[in-house]
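> here's a sequence, model it:
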Amino acid sequence: MAVDAVKRGWRRLAGDPLTAATTFLFLALTAWLGPYLVQWFFVSAIWEATGPDACAAPGAGACWAFLREKWALILFGAFPHEMMWRPALGTALVILALGWLGWRRWPLRESAFVMFGAFIALVALLDGRPLGLEQVATVRWHGVAIVALLGVFGLAAGIPLGVALAIARRDGPPLVRILCATLIEGLRAIPLVTVLFFAVFVLPLLAPPGRSPDAVVATLIMLIIFHAAYVAEDMRGGLRAVGDGQRDASDSLGLRYLDRLRRVELPQAVCVALPALTNTIIGGFKDTSLVALVGVFDLVATTRMAYSDAAWQRYALEGLLAVGAIYLIVCWLVARHCRTLETELSQWRKR
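Numbering: from 1, shown residues only. Presented below is the predicted three-dimensional model:
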């Protein structure tokens, strides 16, 4: 039995010459780099230090003491130190909301109420005035709070807007279909950086005097619209895959238009479009880091602030690796949950 298992495993790893060569190169690269990476990451790493000089000792590996020294700046940026519990609590509420919805498999009504409540709580904690706390200007909303606000809620609001755009583009009056198609195709043809520059630098020039939109608010609105364009195209493909037969069968049963969408077409369209939607969600979340180019301080920007200290400049890699690990974990969790949801929806369609 053991010999058969080894043979089956070997056939999977080396089913053809190309696969065998790729497997061999990967194993050789792992054997060559593995000891050096382990040595740098763990064995020779500096975990605690009284200053940057300890990390500069001969033979020292990764300087994780940099993260211990600058963790507050990386996570919260220039948010007032005595008030850092507010973005920490708000971000924790967002994470708890996402975890609970993931466990509940994201039912529509609960998702809307829970995400809206988490959004209101986060904004209230960051601003302070709704809770009777001292106000903190949006220019000091940095780090994980900005990632939660723009990355999570930009996508959470962009998904239903994208579904509405897809439906309007398919079933709306001719003028509405033309406008939706123009908006979707136009946004998909423009780089996100251009959209962000328009929101932060051009839009204030077009606004009436004294009514210039806040940079964070303008960025959030443009991210919602931008993500909605990609979601709309994913959902349009899902709706087209449902077929006219489903619509005819619904009409023959006397279902109204909204009931047909909610009970027949949208559930099946989501099943088809879920892999593409997953890719859009992950890509949109990672693209949030581009807001640093327009002066909105997300995790990447606060990490740059941390290693701009002349004494710690040489340890920028450790900070960027930590931020990359955060994005990796979040994207992996999203992908894993979507795969589970895709399996459940596929089984539901077969029943």
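> what number of residues lie near Phe41?
By other Cβ atoms under 10 Å, 14 other residues sit near Phe41. Placement of C-beta: from N, CA and C, glycine included.
> hmm, it is touching Pro35, no?
No: look at Phe41 against Pro35 with Cβ atoms under 8 Å: they stay out of range, at 11.0 Å.
> pLDDT at Leu206, what is it?
On pLDDT, Leu206 comes in at 82.
> then Arg247?
79.
> where in the stretch 201-350 of the chain is pLDDT low?
348-350 (pLDDT under 70).
> in it, which spans are helices?
Using DSSP state H, counting those that start in this stretch, the helices of the stretch 201-350 of the chain run over residues 203-206, 215-242, 244-252, 257-260, 266-287, 299-307, 316-350.
> what sits against Trp100?
Each residue near Trp100 by Cβ atoms under 8 Å, 6 or more residues apart in numbering is listed here: Val114.
> and Tyr327, by the same measure?
285-286, 289.
> now with 7 Å, please.
Going by Cβ atoms under 7 Å, 6 or more residues apart in numbering, Tyr327 touches Lys286.
> now it: how far from Arg262?
34 Å (Cβ to Cβ, to the nearest Å).
> repeat for Val195
31 Å.
> what about these two, which has more around it?
Val195 (19 against 13).
> residues touching stretch 169-186, excluding its own?
165, 168, 229, 232-233, 236, 239.
> can you give the distance of stretch 95-106 from its chain's centre?
Distance of stretch 95-106 from its chain centroid, counting by Cα atoms, centre = their mean, to the nearest Å, is 15 Å.
> point to the residue nearest the middle of this structure.
Phe285 (2.1 Å; Cα atoms, centre = their mean).
> correct me, but it touches Gly154?
No: look at Phe285 against Gly154 with Cβ atoms under 7 Å: they stay out of range, at 8.7 Å.
> what sits in contact with each of these two?
By Cβ under 7 Å, 6+ apart, no residue touches both Phe285 and Gly154.
> so can I have a markdown table of the helices of the stretch 201-350 of the chain showing distance to Leu98?
As requested, the helices of the stretch 201-350 of the chain are exported to a markdown table (distance: least, Cβ to Cβ, whole Å):
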| stretch | distance to Leu98 |
| --- | --- |
| helix 203-206 | 30 |
| helix 215-242 | 16 |
| helix 244-252 | 32 |
| helix 257-260 | 28 |
| helix 266-287 | 11 |
| helix 299-307 | 17 |
| helix 316-350 | 9 |
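> Provide a list of residues in contact with the closest residue in space to Gly77 that isn't next to it in sequence.
Leaving aside its chain neighbours, Gly77 sits nearest to His142 (2.3 Å; criterion: Cβ to Cβ, 6 or more residues apart in numbering). Contacts for His142 (Cβ under 7 Å, 6+ apart) come out as 76-79, 297, 302.
> looking at the helices of the stretch 201-350 of the chain, which is nearest to Gly61?
With Cβ to Cβ, the closest approach to Gly61 among these belongs to helix 316-350: 10.0 Å.
> quick one, that closest one and helix 266-287 angle?
Helix 316-350 and helix 266-287 meet at an angle of 180 degrees, taking axes from the mean of the first three to the mean of the last three Cα atoms, to 10 degrees as the criterion.
> and helix 316-350, how far out from the chain middle?
When C-alpha coordinates are averaged (Cα atoms, centre = their mean), helix 316-350 and its chain have centres 9 Å apart.
> check stretch 218-227 too.
13 Å.
> what comes up buried for it?
By neighbour count on 16 or more other Cβ atoms under 10 Å, the buried set for stretch 218-227 is 218-220, 222-227.
> closest to Arg68 among those?
Thr219 (31.1 Å).
> contact partners for the closest one?
150, 196, 199-200, 291, 294, 296.
> which two from these end up farthest apart in space?
Longest span within those, Cβ to Cβ: Leu150 and Val200, 12.3 Å.
> how far away is Gln135 from Ile120?
From Gln135 across to Ile120, the span is 16 Å (Cβ to Cβ).
> ok, now Pro160?
17 Å.
> show me which of the two is the more surrounded one.
Comparing Pro160 with Ile120 by other Cβ under 10 Å, the one with more neighbours is Pro160, at 15 against 12.
> any idea which element that one lies in?
Secondary structure from DSSP states H and E places Pro160 in helix 153-171.
> residue contacts, Leu239?
166, 170, 265, 269.
> need the contact list for Trp32.
No residues are in contact with Trp32 under the rule Cβ under 7 Å, 6+ apart.
> gap between it and Leu317?
Where Leu317 is concerned, Trp32 sits at a distance of 20 Å (Cβ to Cβ).
> do the same with Pro58
According to Cβ to Cβ, Pro58 and Leu317 sit 18 Å apart.
> higher neighbour count, the two?
Leu317 (12 against 4).
> any buried residues in stretch 151-163, and which?
Neighbour count says stretch 151-163 has 151-159, 161-163 buried, by 16+ other Cβ under 10 Å.
> now swap in stretch 254-269 and tell me
Buried-residue list, stretch 254-269, by 16+ other Cβ under 10 Å: 255, 260-261, 264-266, 268-269.
> if you rank the contacts of Thr219 by neighbours, which is first?
Neighbour-wise, the contacts of Thr219 (other Cβ under 10 Å) top out at Val291, 29 neighbours.
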